[in-house]
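Peer 1: sequence? don't have it. structure:
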Ligand code: BG6
């Protein structure tokens, strides 16, 4: 299958935090790929900004390193790489002062009629200063858009303050709050699966669905980000954004169209219908864990506290939550959510577990009849599996087997799976906000999370330890098993 590439309108993108981890690992490689596919117009420019004193040549060298390190060798075409690097320029700027803004203005010269994008890939405490600086230095044109990376605050109050600061300079229609999970192919496929097929929607409710599981498991630890991570923890780092967005896409009503506000209105309704969890109820419906030394990816790994160098930290590296949505469609259907670092494998998936059949006509010799399950695998090995009961082939009696109707996207489509950032950055150029979070969504997610964090803060117990390389604390297994259900590991 051939992907269709439509060149976008001319634009300039300015990356604050241009020498940082996100720019090097994700943004520069993503823009290179889009250029390689012919999607960037000849005029498009990429400006790196950070406090570091670098020349444009040094920034281009950093861009080259980033492409060589993060793009597959087969996708590196030397001539095209040089062409891409020629788009890069650099401005050293300290957002807290008035130093360096002229250099940025110079880098943007001649581009006032184009789409202009400011990507804030810095620590969030700089967002306010950066947007104020952009306004003060008259860098905001009518076609300017701003991309804001997570974390958007650490609780509802700080998220509101950040949103207010950004909102002073940009209207909501120009603010793109990124959640890179929404740019993942399979996440968008969730919408295709639900709303481009007649098969599932009639069954997509409490009458036919027993429960839903959403797992985002990582085998890696905190990878040199312990400083940031210790201020966040799994709840803020993964659940407040990625997992709650997945929950919204599974649970929302069909929007009338893919138009940004239609989709976001429906997601917001889900967030507002979440059963509040506070105090004792929050402690009963959640489990916090912290990894201890163990084995991961075949080698011995230290525990979180050793990695952090602070034996007193109570930051959770694992969280499991039993969430409920109080509306007609979902009343009584638990959504079990879990995410953690240093788990047994890297797997992100959504399992929609249907109710069992009401009556078996087959008798005991046929074996157990398992309920149907739809497993949407986000990564790795993206695909969809629909688990069905069939007759075990062969002569003899009627024996039944549970087997998946299995669609692996890699096998079904012979195309490279683009990184989420490729899709999302280009959506900003096109002015499409569908896959970005609106202010009210972010704040509604915090409004649900805050009381849980309060309950944890007030609890006497620290997070429960789990050995690195396992599926988290045994209490997380008990959380679901006391409801007579079990986590499906790796889609099985
Ligand atoms: C980020 C988190 O948002 O998502 C990281 O801050 C996490 O801690 C990452 O590792 C996971 O993203 P992905 O795309 O690798 O699943």
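Peer 2: Yep, that arrived. All values reported here derive from a predicted model rather than from experimental measurement.

Peer 1: for the closest residue to the ligand within the stretch 201-350 of the chain, what are phi and psi?
Peer 2: Using CB to the nearest ligand atom, the closest approach of the stretch 201-350 of the chain to the ligand is made by residue 237 at 4.7 Å. Using the backbone N, CA and C atoms, a C-beta is placed for each residue, glycine as well. When read as degrees, to the nearest 10, the backbone of residue 237 gives phi -70, psi -40.

Peer 1: name the element the spatially closest residue to it that is not a sequence neighbour belongs to?
Peer 2: Counting by CB to CB, 6 or more residues apart in numbering, residue 237 lies nearest to residue 229, which is 6.6 Å off, once chain neighbours are set aside. Using DSSP states H and E, residue 229 falls within helix 226-234.

Peer 1: ok so residue 190 is a helix residue?
Peer 2: Yes - applying DSSP: H, G, I helix; E, B strand; the rest coil, one finds residue 190 inside a helix.

Peer 1: state the pLDDT value of the closest residue to it other than its chain neighbours.
Peer 2: Nearest residue to residue 190, sequence neighbours excluded (CB to CB, 6+ apart): residue 249, at 5.1 Å. Residue 249 carries a pLDDT value of 98.

Peer 1: residue 249 is in what secondary structure piece?
Peer 2: helix 244-251.

Peer 1: run the chain-centre distance for the helix holding residue 229.
Peer 2: Computed by CA atoms, centre = their mean, to the nearest Å, the chain-centroid distance of helix 226-234 equals 17 Å.

Peer 1: least confident secondary structure element in this protein?
Peer 2: None of the helices or strands of the chain scores lower by mean pLDDT, DSSP states H and E than helix 409-412, at a mean of 78.

Peer 1: could you name the helices and strands sitting against that one?
Peer 2: helix 185-195, strand 383-391 (3 or more CB pairs under 8 Å, 6 or more residues apart in numbering; DSSP states H and E).

Peer 1: turn those into a markdown table, columns for mean neighbour count and mean pLDDT.
Peer 2: What follows is the helices and strands packed on helix 409-412, written out as a markdown table (neighbours: other CB atoms under 10 Å; pLDDT from 0 to 100):
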| stretch | mean neighbour count | mean pLDDT |
| --- | --- | --- |
| helix 185-195 | 17 | 93 |
| strand 383-391 | 17 | 95 |
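
Peer 1: can you tell which of those is closest to the ligand?
Peer 2: Of the helices and strands packed on helix 409-412, nearest to the ligand by CB to the nearest ligand atom is helix 185-195, at 10.4 Å.

Peer 1: can you spell out which helices and strands pack onto the closest one?
Peer 2: helix 244-251, strand 373-379, strand 383-391, helix 409-412.

Peer 1: list the strands paired with the second one, with their directions.
Peer 2: When pairs are called by DSSP bridges, strand 373-379 turns out to pair with strand 347-354 (antiparallel), strand 383-391 (antiparallel).

Peer 1: which of those sits closest to residue 441?
Peer 2: strand 347-354 (18.9 Å; CB to CB).

Peer 1: how about the helices in the stretch 351-492 of the chain?
Peer 2: Residue ranges of the helices in the stretch 351-492 of the chain, as given by DSSP state H, counting those that start in this stretch, are 409-412, 420-430, 439-458, 474-481.

Peer 1: deepest of the ones you listed, which one?
Peer 2: helix 420-430 (a mean of 21; mean count of other CB atoms under 10 Å).

Peer 1: distance between stretch 11-26 and the chain's centre?
Peer 2: So, by CA atoms, centre = their mean, the centroid of stretch 11-26 is 18 Å from its chain's centroid.

Peer 1: host element of residue 266?
Peer 2: helix 260-273.

Peer 1: from the contact counts, what lies against that helix?
Peer 2: Using 3+ CB pairs under 8 Å, 6+ apart: helix 260-273 touches helix 244-251, helix 439-458.

Peer 1: give me the three-state assignment for the spatially most central residue of the chain.
Peer 2: In the chain, the C-alpha nearest the mean C-alpha coordinate belongs to residue 181, at 2.7 Å (CA atoms, centre = their mean). Taking three-state DSSP as the rule, one finds residue 181 in the helix state.

Peer 1: was I right about it contacting residue 187?
Peer 2: Yes - counting by CB atoms under 8 Å, residue 187 is a contact partner of residue 181 at 5.7 Å.

Peer 1: common neighbours of the two, please.
Peer 2: Common contacts of residue 181 and residue 187 (CB atoms under 8 Å, 6 or more residues apart in numbering): 245-246, 378.

Peer 1: what packs against the helix or strand harbouring residue 79?
Peer 2: Counting by DSSP H and E, the element that carries residue 79 is helix 78-85. Helix 78-85 is packed against helix 28-36, helix 56-70, with contacts defined by 3+ CB pairs under 8 Å, 6+ apart.

Peer 1: closest to residue 174 out of the ones you listed?
Peer 2: Going by CB to CB, the one of the helices and strands packed on helix 78-85 nearest residue 174 is helix 28-36, 20.3 Å.

Peer 1: flag every residue of this structure that's near the ligand.
Peer 2: 180, 218, 237 (CB under 6 Å from any ligand atom).

Peer 1: same thing but 8 Å
Peer 2: 150-151, 180-181, 184, 216, 218, 220, 222-223, 225, 229, 232, 237-238, 241-242, 341, 346, 348, 378-379, 420 (CB under 8 Å from any ligand atom).

Peer 1: narrow the residues you listed to those that are buried.
Peer 2: Buried members of the residues of the chain next to the ligand, scored by 16 or more other CB atoms under 10 Å, are 150-151, 180-181, 184, 216, 218, 222, 229, 232, 237-238, 241-242, 341, 348, 378-379, 420.

Peer 1: circling back to that earlier point, how distant is the least confident helix or strand of the chain from the center of its chain?
Peer 2: 22 Å.

Peer 1: next: stretch 465-472.
Peer 2: 22 Å.

Peer 1: any buried residues in that stretch, and which?
Peer 2: 466-472.

Peer 1: what about it, how long is it end to end?
Peer 2: 8 Å (CA to CA, to the nearest Å).

Peer 1: same thing with stretch 75-92?
Peer 2: First-to-last distance for stretch 75-92 - CA to CA - comes to 31 Å.

Peer 1: residue 202 belongs to a strand, doesn't it?
Peer 2: No - counting by three-state DSSP, residue 202 is not found in a strand; it is helix.

Peer 1: ok, now how distant is the residue in the chain sticking out farthest from the centre from residue 331?
Peer 2: Each residue of the chain has a distance to the centre, and by CA atoms, centre = their mean the biggest one is for residue 396: 48.8 Å. The gap separating residue 396 from residue 331 is 44 Å, by CB to CB, to the nearest Å.

Peer 1: with residue 432 instead?
Peer 2: Applying CB to CB, the value for residue 432 to residue 331 is 34 Å.
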